[in-house]
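> sequence first, predicted model second:
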Amino acid sequence: MIDITINKADSGLIQSFTLSGHALFANSGNDIVCAGVSAVSIGAINAVISLTGITPIIKQGKDGGFLQCRIPDNISEENKQKIQLLLEGMVVSLETIERDYGKYVSITII
């Protein structure tokens with residue numbers, strides 16, 4: 001199962017997210033759940049970098065079963081709002097995958 005944790009500050013803004021595990025929906029290379037989660041999460045990170053110029057702090061596992069992304073603290077209010085919109089869009093997409101493939105994906109928002 002892919003476990004997704006979305007970490008929010010007291011203000012409600014997303015500070016970071018972590019993905020760990022493997023969906024095991026299908027064999028490697030044919031796993032549409034893994035591909036969907038990966039595309040949505042990496043696409044969100046790429047959008048943050050491309051549209052705001054802010055590079056998040058990223059950690060990845062060697063086997064593809066771990067991704068952590070943390071938004072830096074000292075950024076402008078304008079970029080904060082842009083990043084939040086992009087990350088909230090990511091969460092909506094991940095929740096859609098969880099709704100349809102809940103046996104393989106679990107999201108926790110803390």
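Arrived safely, thanks for sending.
> which residue lies nearest the spatial centre of the protein?
Ser41 (3.9 Å; CA atoms, centre = their mean).
> quick one: His22 and Val91, what's the gap?
21 Å (CB to CB, to the nearest Å). All C-beta spots, glycine's among them, are computed from the backbone N, C-alpha and C.
> of the two, give the one with the bigger neighbour count.
Taking other CB atoms under 10 Å, His22 and Val91 do not tie; Val91 has more neighbours (19 against 15).
> dump the residue contacts of that one.
Going by CB atoms under 8 Å, 6 or more residues apart in numbering, Val91 touches Ile6, Ile14, Ile107, Ile109.
> pretty sure it is in a helix, no?
Yes. Assigned with DSSP: H, G, I helix; E, B strand; the rest coil, Val91 falls within a helix.
> separation between it and Ile83?
Distance from Val91 to Ile83, by CB to CB: 13 Å.
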